[in-house]
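Student: Sharing a sequence plus its predicted fold:
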Amino acid sequence: MTDPLALAQSAAEAIAKATQVAQHDVALVMGSGWADAVSALGTPSAEVAMKDLPGFPPPAVEGHGGNVQSIAIGDKRALVFLGRTHLYEGHGIEAVVHGVRTAVAAGAKTIILTNACGGINTEYRVGEPVLVRDHISFTGVSPLAGAQFVDLTTLYSPRLRTLAKEIDPSLKEGVYVHWRGPAYETPAEINMMRIVGADLVGMSTVPEAIAAHALGAEVMAISLVTNAAAGVTGEKLNHLEVIAAGKAAASRMGILLRELITKL
């Protein structure tokens, strides 16, 4: 069986060769509907298809591209993943976290994760970005194996969250629940999540955050509230609405990310 870190190193070397960039400083993983925000980051100097890199299954979810871009942002070099693998796709946890492990192997010391999510907290509006300050996992699946006792107290970097709020003081923070999917949550499940202190719910981000943190990267996660969670309004949930909400908020999201990276 291939060692996951060795596979990530191979993918990082392939990225360096394809982009002609020896090392990237920061990596961004763009969630459902976030792809349009990339245009605000700048013009990519190189792009490579994920399918051409070792260890990457092709993205299978609408709203997720299948490319990795290299973009110069100020004096930083960003590696931008247009798409990710989700646990519900059935490729296993190693495939889910392969992107962030590859990013760290490519030199990225900062990992910025984005996602589309359901808003459990009724104070959140559709189209509003929320900083993840903590998470609750309902999947029971970890990217770590063996006796890796990694402290997660500051998993979502307080420094990066403070920096983001200096750029946009209107940003709220919340607790994100990782739900396996692909079925959306029931109203009763959302009520349970609310009782245990959750503000947001989605199907990604948490395994990637843990894997990147365990490798020493500084992690930040931003959720875009694309719909009210099940039972909050009584309306049915629709993935196309998730994509539409992401497109509507793309400009604001891209500007926020670009300013954040220039201040790292």
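Tutor: Good, I have the coordinates. Numbering: from 1, shown residues only.
Student: And L82, how far from A27?
Tutor: Separation of L82 from A27 (CB to CB, to the nearest Å): 12 Å. (Each C-beta comes from the backbone N, C-alpha and C, glycine too.)
Student: So for these two, which sits in the more crowded spot?
Tutor: Set L82 next to A27 and count neighbours by other CB atoms under 10 Å: A27 wins out with 25 against 20.
Student: Is the more buried one bridged to anything, and to what?
Tutor: L79, I111 (DSSP bridges).
Student: my guess is it meets A103, correct?
Tutor: Yes. Between A27 and A103 there is a contact under CB atoms under 8 Å: 3.4 Å.
Student: shared neighbours of these two, which are they?
Tutor: In terms of CB atoms under 8 Å, 6 or more residues apart in numbering, A27 and A103 are both contacted by the residues L79, F81, I111.
Student: which residues does G181 contact?
Tutor: G181 neighbours (CB under 8 Å, 6+ apart): H86, L87, Y88, M203.
Student: and those, which two are the farthest apart?
Tutor: Comparing all pairs in those by CB to CB, the longest separation belongs to L87 and M203, at 7.2 Å.
Student: anything in contact with each of the two?
Tutor: By CB under 8 Å, 6+ apart, the residues touching both L87 and M203 are R180, G181.
Student: So those two - more neighbours on which side?
Tutor: Shown here are L87 and M203; by other CB under 10 Å, M203 has more neighbours (26 against 22).
Student: Once you drop chain neighbours, what's closest to that one?
Tutor: G181 (3.9 Å; CB to CB, 6 or more residues apart in numbering).
Student: Three-state assignment for the one you found, please.
Tutor: coil (DSSP: H, G, I helix; E, B strand; the rest coil).
Student: confidence score at A37?
Tutor: A37 carries a pLDDT score of 85 in this model.
Student: Next, the contact list for it, please.
Tutor: M30, T114, G246, A249, A250, S251, M253, G254, L257.
Student: could those residues go into TSV alongside secondary structure and distance to T226?
Tutor: Shown next, in TSV, are these (DSSP: H, G, I helix; E, B strand; the rest coil; distance: CB to CB, whole Å):
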residue	secondary structure	distance to T226
M30	strand	14
T114	strand	11
G246	helix	6
A249	coil	8
A250	helix	12
S251	helix	16
M253	helix	12
G254	helix	16
L257	helix	17
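Student: tell me the least confident of those residues?
Tutor: Among those, G246 has the lowest pLDDT, at 61.
Student: Out of the contacts of A37, flag the one nearest to A72.
Tutor: The closest of the contacts of A37, once distances to A72 are taken by CB to CB, is L257, at 14.1 Å.
Student: What separation do you get for the closest one and G127?
Tutor: L257 is 16 Å from G127, by CB to CB.
Student: Give me the more crowded residue out of these two.
Tutor: L257 (28 against 15).
Student: For the more buried one, give its distance to H91.
Tutor: 27 Å.
Student: pLDDT-wise, which helix or strand of the chain ranks last?
Tutor: The helix or strand of the chain with the poorest confidence is helix 239-248; it has a mean of 64 (mean pLDDT, DSSP states H and E).
Student: Which of the helices or strands spans T226?
Tutor: Using DSSP states H and E, the element containing T226 is strand 218-228.
Student: That strand packs against which elements?
Tutor: strand 110-119, strand 129-137, helix 158-167, strand 172-178, strand 200-202, helix 206-214, helix 239-248, helix 250-262 (3 or more CB pairs under 8 Å, 6 or more residues apart in numbering; DSSP states H and E).
Student: What residues sit buried inside the lengthiest helix in the chain?
Tutor: Longest helix of the chain, by residue count under DSSP state H: helix 4-19. By 16 or more other CB atoms under 10 Å, the buried positions in helix 4-19 come out as P4, L7, A8, Q9, S10, A11, A12, A14, I15, A16, A18, T19.
Student: Then stretch 130-149?
Tutor: So, applying 16+ other CB under 10 Å, buried residues of stretch 130-149: V130, L131, V132, R133, D134, H135, I136, F138, T139, S142, P143.
Student: Cheers, nothing more for now.
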